[in-house]
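Peer 1: For reference, the sequence and a predicted model appear below.
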Amino acid sequence: MLKTELGDIVKTYLKAREDFEHLIGGSPENYRILLFINPELHISINRVMEITGTPQAILTAEQITNLKSARISDFLPIGKETIYNSLPTLIYLSVPSYDLNEEQELTLRVMLVHALAHAYMNEKTESNSARTLAQLYQIDVILKELMTNNVFKLNQNSASKHVWAWQYFQDLIGVIRLFTECGVEDFYTPPENARKYTLFNNFSIEAINLLSERAKLSRRKHLHELIDEGFAHYVQMKELEYLLDKGEYKLVKNEEGKQIKYPNDLKAFLAPPIGEISVAMIDRLTTKIDDEKEMFEKLFSYKSDLEFLQEFTWDEVKDLLAVNKNLHSEHVVESWHSSKSRWTDIWSVYAYGWRMIEEYTRKIYRKKYTNFGQLLDDNPAITSKGYVRVDEKKVYVFEVNDYGVGIDQLLILHNHMSLYRDDFRTILPAFADIIVFKKIGGIHVATLFAVHKTKHQPLSPYNIPVITRAVQVTKRKDAYKFDLDEEEEDKIDVSRVDYNYLRKLTQPQRGAISYLIKEGMFEL
Amino acid sequence: MPHRIYFVTEAEFTDPLQHYGNVEFVLDFEDAAQVLRLWRNPHLGRSSREGAVLSIASKNAVSIENIIQKIMNTYLTPEEEERLVNELKLLRFIGDQILPDVLERVNRNELQTIEDILKYIQDLLRDLKYEGTVDLQQLAEKLNQLKDIVDIEITDAFGRKKRISRESVMDLLGKILGRYLIKQVSVAPIDEVQRRPRGTIRLKETYKSAVLSSQTIPPTSVKQEDIIRVKKDRRSHVYLIVDMSQSMRKTVFEGSMSRLDGALLTSLSLYYYFKMINRRKRKRFDMFKLAVVPIRKNPFVIDDDRKMEQLLLTAEARGKTYMIQAVQAAIEHAKKQHKDKDIDVQFTIVTDGMPNVPTFPFNYRTSTELKKYFAEIQTKTKPETIECLTQLNAMFNSLKKDRSRKWNISYFLMGPESLRNKEIYIHTTQMLKGITRPILIDPAQIKKLGEQILKESILYA
């Protein structure tokens, strides 16, 4: 019944395929299109891909909460199309409506051609990007299944329902994924022969193995963004020109009669800086290689963005960036935004996009990065800073950047640091105390997580006495003086604390650490 | 390549932004005590306030990231665009300028109550007036979220988190604890149908209750023999008379809560228990009602939400045991409120000592037998306590003799098992002779108190 309702969409799809064959002289064969009738679902997938890189990855509870609250305030971008550049290429589309009017048909046709171009590139390219993404996707699906089955099984077998299992496993996978990707692999993994004792052991062994495999894979993935986007945007531009020449759709010009007014939903393809710069680069390439076919072959032969960029000198690249940024700044605000908004307000957003691209190109050109791992190591999301010894136990110190782990999930991290505490026994074996530095917006914060002895058998990994303290890291001299003066002297036994194993810390960070140790570790 | 269309349902392709797992919030009695303590004392809970600042900050950061993408990727109407641009500016301003300052103040223990925060916001806005960087009106609205900082954060045993504002603490705690009790001692009104030759009669005031022999709550199964039918043709009014003297300050559960906390939470859970079962089905009138009477210098009867909240916030374990006065207050209240003879009154007394403030003038007839008992034995018990016990005995005796309505009395004595050999238990037993027996409850088992009281007052009353 729905098949007949989707008739218009299928017709447009076939047209798009024809266009593509006409423009490029070939067509992709290995791709899947998922049409969402519920646009909310598409937005969610889009966000998951933005955060984790693949559409099936598991988010941590905090990420979900934050995204949900952004969704409630209507802050999430409504992308009409999301493409996952794997093999097969996965194309996620929101259904515009069953009966397409002319504008919607044009939008859909251009969007599909853009997607087909991605699919074509993924099939032809010699880089490992598409294959790696396919493998990552697989691993994420396996992890999801593994989690679902284990939660089910865990709840099925136990009399006291483990209602915590969902959230815990979610967080566990989310956090360990992030940490392994950043090269921190110091987790507690149960020994292989522990598999048969509990479901949880089995699950952790499997999950941690899969995640470390995933991390290795994703680090090896070639950087391929500019080529992917460049090719897709180039084909899309050709498609638009082709359609305009053919005169199949009537596009209105704006008041001054200069620019064509494209359908609103094409904004995601025509406005952002990535399309602008990548097309400009391909245009520049065409000046060097006249024949289009040959140029395409050349594009497919590049393994990574670096090889592509190395077609030009650094001066040329800088020039391309500067010129196109200027050009972009002249038209983007007028053509895609309301005249009511202030130019600087809107342009600052695009300028932010340009800054990211500039940084990216500079890094890979200057430092000759070819894969994702190198890029990660350049600005690691997580760095270890050694540890503080308090009495008998160690407090590990980390620094986490913007893309790092959330505060709540640090609890999971606790449980899986490779340190055993004899006084605590749960189904989850390891606990360490940690201090984490993190920048959130304008706050540079140091957080302490410490676990105290439990007197009762915990019901769940969340049911443990945890001390969490957070303090602002500042340069101010009196910053960490407060409160300590009020406390009684005998409460603080500073002599047992050994700061010798810390490294690469600033003075304020050291101050924050000693404050947290004094405040937190001796509080109870 | 052949093109095929498949249909995938939402069950097969679930929303990744979904919270899985159980939605039920399970709060232990001890956890509830912790919440109660945080609620009563705003100076506690600094780490929760710090956490709140951080969670606001990270929420802000995620929103900023998404708004940037939305402005670039999504077609926006002018109004929508204006809103997003404003939001972006505000969020950035809050994230970069205000939250660091707030965190520092929280570290210094400055922002502890709603009033502190409101004052802080006012000061901030006054300072900003002269700078003119952001829309102050909107900023003020946005800053209202800082009030969340003083909310109480509760995590249940299964990691589920909730932040509750101070105003809703009682309601939330009461509902959680009350529901927990309902699961243990379920009473559901049922219609008893009697078929007769001339037609059927439906008796409305019949209650069915399952008394659980199994330990898991909720039980995995209910046995048929555990289900009890309680026929009620008379309404019950329960007075929970709770000791709040000095001795209730003692701690139970290895210091994580005091006897008073336990007693207060029990009162709250019972209060909500009755509130909730009364709400369940439309009836002519509420079959059960509960009022709490704290044992303190000027005892009064607590029978509405506002008074209950006041009690929870201000109750202190101090002073002597004014039990006679509390019982008198309850009797007066019962006689005044319920002129209807069809109401049974249940006095449930929870104490950990003996009454020690006698009242004068005393109009009830004291028992000679009890006087004789005290005269004959050698005891270290103070004379005023003995006087009190005789007075209490006299009051209870006269209630028992009252033909006009049924008065039930149950008496819970808090203390370890070893108390059975002590004077306090023996004297209490003597005092209650012919009326009821004292029930000894271990303070560590205080979470079971609610259940016991319910069984006393509903099922076996």
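Peer 2: Thanks, I have the structure now. Please read these numbers as outputs of a predicted model, since none were measured by experiment.

Peer 1: Indicate the residue of the stretch 1-150 of chain B located nearest to chain A.
Peer 2: residue B:95 (3.0 Å; Cβ to the nearest Cβ). All C-beta spots, glycine's among them, are computed from the backbone N, C-alpha and C.

Peer 1: Tell me who's in contact with that residue.
Peer 2: A:440, A:441, A:442, A:443, B:57, B:60, B:61, B:64 (Cβ atoms under 8 Å, 6 or more residues apart in numbering or on different chains).

Peer 1: Could you do residue A:55 as well?
Peer 2: So residue A:55 contacts A:45, A:48, A:49, A:82, A:84, A:90, A:92, A:137, B:16 (Cβ under 8 Å, 6+ apart).

Peer 1: ditto for residue A:275
Peer 2: Contacts of residue A:275 (Cβ under 8 Å, 6+ apart): A:229, A:233, A:269.

Peer 1: please redo it, this time with the cut-off set to 10 Å
Peer 2: In this structure, residue A:275 makes contact with A:114, A:229, A:230, A:232, A:233, A:234, A:236, A:237, A:268, A:269, A:328, judged by Cβ atoms under 10 Å, 6 or more residues apart in numbering or on different chains.

Peer 1: closest to chain B among those residues?
Peer 2: Distances from chain B to the contacts of residue A:275, taken by Cβ to the nearest Cβ, are shortest for residue A:268, at 4.2 Å.

Peer 1: quick one, what contacts residue A:74?
Peer 2: Taking Cβ under 10 Å, 6+ apart, we find residue A:74 in contact with B:66, B:67, B:70, B:80, B:83, B:84, B:87.

Peer 1: 7 Å instead?
Peer 2: If a contact means Cβ atoms under 7 Å, 6 or more residues apart in numbering or on different chains, then residue A:74 has no contacts.

Peer 1: what's the answer for the one 5 residues further on, then?
Peer 2: Contact criterion Cβ under 7 Å, 6+ apart gives A:46, A:268, B:73 as the residues in contact with residue A:79.

Peer 1: Let me know the closest of these to residue B:236.
Peer 2: Nearest to residue B:236, judged by Cβ to Cβ, of the contacts of residue A:79 is residue A:46 at 59.1 Å.

Peer 1: hmm, the strand or helix carrying that closest one in reach of chain B?
Peer 2: Take DSSP states H and E as the rule and residue A:46 turns out to sit in helix A:39-52. Yes - for helix A:39-52, a contact with chain B is found by Cβ under 7 Å from any Cβ of the partner chain, at A:41, A:44, A:45, A:48.

Peer 1: burial of the last one, as a residue count?
Peer 2: The one in question is residue A:48. Using other Cβ atoms under 10 Å in any protein chain shown, residue A:48 has 24 other residues around it.

Peer 1: what secondary structure does the closest residue to it other than its chain neighbours sit in?
Peer 2: The shortest distance from residue A:48 to any non-neighbouring residue, by Cβ to Cβ, 6 or more residues apart in numbering or on different chains, is to residue B:16 (4.7 Å). State at residue B:16, reduced to three classes by DSSP: H, G, I helix; E, B strand; the rest coil: coil.

Peer 1: so what pLDDT did residue B:16 get?
Peer 2: Per-residue pLDDT puts residue B:16 at 83.

Peer 1: isn't it right up against residue A:43?
Peer 2: No - between residue B:16 and residue A:43 there is no contact under Cβ atoms under 7 Å: 10.3 Å.

Peer 1: tell me which residues in stretch A:354-367 are buried?
Peer 2: Going by neighbour count (16 or more other Cβ atoms under 10 Å in any protein chain shown), the buried part of stretch A:354-367 is A:354, A:357, A:358, A:360, A:361, A:363, A:364, A:365.

Peer 1: scratch that, stretch A:127-138
Peer 2: A:127, A:128, A:129, A:130, A:131, A:132, A:133, A:134, A:135, A:136, A:137.

Peer 1: and the first one, that's in a strand?
Peer 2: Right, the one you point to is residue A:127. No - with three-state DSSP as the criterion, residue A:127 is located in coil rather than a strand.

Peer 1: okay but it is in contact with residue A:303, surely?
Peer 2: Yes - using Cβ under 7 Å, residue A:127 is in contact with residue A:303, at 4.4 Å.

Peer 1: ok, now how distant is the residue in the stretch 301-450 of chain B that chain A sits nearest to from residue B:30?
Peer 2: Across the stretch 301-450 of chain B, no residue is closer to chain A than residue B:444, which sits at 11.9 Å (Cβ to the nearest Cβ). Separation of residue B:444 from residue B:30 (Cβ to Cβ, to the nearest Å) stands at 11 Å.

Peer 1: Then residue B:73?
Peer 2: 49 Å.

Peer 1: ok, and the closest non-adjacent residue to residue A:108?
Peer 2: residue A:12 (4.9 Å).

Peer 1: so what secondary structure elements neighbour the helix or strand harbouring that neighbour?
Peer 2: For residue A:12, the element it lies in under DSSP H and E is helix A:7-24. Judged by 3 or more Cβ pairs under 7 Å, 6 or more residues apart in numbering or on different chains; DSSP states H and E, helix A:7-24 is in contact with helix A:102-124, helix A:225-246.

Peer 1: The helix or strand following that helix pairs with which strands, parallel or anti?
Peer 2: Next in sequence after helix A:7-24, counting helices and strands by DSSP H and E, comes strand A:31-36. The strands beside strand A:31-36 in its sheet (DSSP bridges) come out as strand A:89-94 (parallel).

Peer 1: Show me the contact partners of the strand it pairs with.
Peer 2: In contact with strand A:89-94 (Cβ under 7 Å, 6+ apart) are residues A:30-36, A:39, A:42, A:45, A:55, A:80-84, A:111, A:115, A:118-119, A:122.

Peer 1: filter the residues you listed to the buried ones?
Peer 2: The neighbour count (16+ other Cβ under 10 Å) marks A:31, A:33-36, A:42, A:45, A:55, A:80-84, A:111, A:115, A:118-119, A:122 as buried among these.

Peer 1: Could you pull out the strands in chain A for me?
Peer 2: A:31-36, A:81-84, A:89-94, A:382-390, A:393-400, A:433-440, A:443-451, A:466-472, A:497-498 (DSSP state E).

Peer 1: pull the longest helix from chain B.
Peer 2: helix B:46-73 (DSSP state H).

Peer 1: That one to strand A:466-472, inter-axis angle?
Peer 2: Interaxial angle, helix B:46-73 versus strand A:466-472 (axes from the mean of the first three to the mean of the last three Cα atoms, to 10 degrees): 60 degrees.

Peer 1: Having no further points to raise, I will conclude here.
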